[in-house]
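1. mind looking at a prediction? Sequence and model below.
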Amino acid sequence: MASAKHVLPIIVFSQFCCTSLWFATNGVIQDLVREFHLEPSALGHLSSAVQFGFIIGTFLFALLAITDRFSSSKVFFVSAIIAALFNVAMVFGNQNLLSLVILRFFTGFFLAGIYPVGMKIAADYYNKGLGQSLGFLVGALVLGTAFPHILKGFDNLFSYATIIYTTTALAMLGGVIMMVFVPDGPYKKSALKLDFSICFDVFKKQNFRKSAFGYFGHMWELYTFWAFVPVILAAYLELHIQVTFSIPIMSFIIIASGAVACVISGYLSERYGAKQVGGWALILSGACCLLSPLFFMVQSEIIFILFLMFWGMVVVADSPLFSTLVAQNVIAEHKGTALTIVNSIGFAITIISIQLISNLTALISVQYLFVLLALGPVLGLIALFKKS
């Protein structure tokens, strides 16, 4: 049994193993489309299915207060095993679009028992230093997000089935490790009864609302930036035909740089406060959105890549800090529900943002498109620092 002092690396490792179901398999979606002779439009459906599953899952997990009523480690374990089974089912039988969408949906649904629950487990162990702890945890998620890009860079080495089997085994391993080595933490307090109103009542507290709406503004920008990093790189190559680099490898570097930023912001939050550090991250990422058209014009690919790396850092540096603020501004009995419902709404916002930018690509040049993402950081800052 792990002590509070040593439990964080176990939580981080388990979280990375299990979220590989979410992100690593994104790198094989094109292979699934080819294997089962699907239309090219199936790519979008399969990519969205896991997101919708996660949104519905987090909403129901929050509504039923699953992690506040039951052992968080056991919820994590059961969710990891079930999600892994839905994941591995993709390689069996003659799949079609409907069956694959269903499998990806339920994989996403049970990821609701992994990502926010992992944060809840960390919050149950670390009353002090929570920002630092969640910095490592979200950093693991960022690496998971970047992982499919590195796989695409070396896609000749791995078959899609091998990747699916590997991610399935990792998820099961992560679930088992969490249940065996990470019992419920010393700061966990269980909700005694089912109360559907908790999802709404948590928003009645002003400081909670500020934290949550700051997070929502951050999410407007984050996943759209991640989704469009390859598009941004491709647009730069088109504008500067003398430049060459590997889009998958550069995408991995740009997104993965955010993992370092999460750890750094976690440490900074212990000295300067999560709200202040999170606010500065919103300011800097919003500035990157507004300045992005200028950097498309820069002839030096080194400067351009460094700019994107910096953007990749500040765009996610505030993520663990907002989760920290959410957890700190709710009573212990409702901590899991609060983290889960905020995740649900935040990820729903990402779909709106991604779809908006996708639809506008036909109307606005790519180099000017991402100025619109500044809306999220601006509104997030207004909400976070709004006076009573």
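-> Everything's here; your move.
2. residues touching L100, list them.
-> Listed by Cβ atoms under 8 Å, 6 or more residues apart in numbering, the contact set of L100 reads 32, 36, 38, 42, 46, 49, 90. Placement of C-beta: from N, CA and C, glycine included.
3. what helices and strands are in contact with the one helix or strand Y267 maps to?
-> Per DSSP states H and E: Y267 is located in helix 247-272. Under the contact criterion of 3 or more Cβ pairs under 8 Å, 6 or more residues apart in numbering; DSSP states H and E, helix 247-272 touches helix 130-153, helix 206-239, helix 274-296, helix 301-314, helix 319-328.
4. tell me the angle that helix makes with helix 130-153.
-> Using axes from the mean of the first three to the mean of the last three Cα atoms, to 10 degrees, one finds that helix 247-272 and helix 130-153 are set 180 degrees apart in direction.
5. show me which parts of helix 247-272 are buried, residue by residue.
-> 247-248, 250-263, 265-266, 268-269 (16 or more other Cβ atoms under 10 Å).
6. again, but for stretch 92-105
-> Buried residues in stretch 92-105 (16+ other Cβ under 10 Å): 95, 97, 100-101, 103-105.
7. then stretch 29-37?
-> 29-33, 36.
8. pLDDT of that stretch, averaged?
-> Averaged across stretch 29-37, pLDDT comes to 83.
9. quick one on the thing from earlier: quick check, nearest of the buried residues of stretch 29-37 to G153?
-> Q30 (14.0 Å; Cβ to Cβ).
10. how about that closest one, nearest residue that isn't a chain neighbour?
-> Spatial nearest neighbour of Q30, chain neighbours left out: L43 (6.6 Å); criterion: Cβ to Cβ, 6 or more residues apart in numbering.
11. tell me the contacts of the one you found?
-> Contacts of L43 (Cβ under 8 Å, 6+ apart): 29-30, 33.
12. now the residues you listed in JSON lines, with secondary structure and distance to F110?
-> Below are those laid out as JSON lines (DSSP: H, G, I helix; E, B strand; the rest coil; distance: Cβ to Cβ, whole Å):
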{"residue": "I29", "secondary structure": "helix", "distance to F110": "19"}
{"residue": "Q30", "secondary structure": "helix", "distance to F110": "24"}
{"residue": "V33", "secondary structure": "helix", "distance to F110": "23"}
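13. thinking again about what came up before, and which of the buried residues of stretch 29-37 is nearest V202?
-> Using Cβ to Cβ, the buried residues of stretch 29-37 come closest to V202 at I29, 35.2 Å.
14. quick revisit: and which of the contacts of L100 is nearest to A227?
-> Nearest to A227 among the contacts of L100, with distances taken as Cβ to Cβ, is L46, at 14.1 Å.
15. which positions within stretch 348-367 qualify as buried?
-> 348-350, 353-354, 357, 366-367.
16. ok, stretch 152-172 next?
-> Buried, per 16+ other Cβ under 10 Å, within stretch 152-172: 152-153, 155, 158, 160, 163-164, 167-168, 170-172.
17. excluding chain neighbours, what is closest to S133?
-> Per Cβ to Cβ, 6+ apart, closest to S133 is Y126, 4.4 Å.
18. can you tell me how far that neighbour is from F208?
-> 19 Å (Cβ to Cβ, to the nearest Å).
19. do the same with A161
-> A161 is 45 Å from F208, by Cβ to Cβ.
20. with T67 instead?
-> 17 Å.
21. please apply the same query to M250.
-> If you go by Cβ to Cβ, the gap between M250 and F208 works out to 38 Å.
22. cool, and I164?
-> 39 Å.
23. again, but for Q30
-> 41 Å.
24. now do G27
-> With Cβ to Cβ as the criterion, G27 and F208 are 37 Å apart.
25. kindly report the same for I351.
-> Counting by Cβ to Cβ - I351 and F208 are separated by 23 Å.
26. and C262, by the same measure?
-> 22 Å.
27. any weak-confidence spans in the stretch 1-150 of the chain?
-> Applying pLDDT under 70 to the stretch 1-150 of the chain flags residues 1-5.
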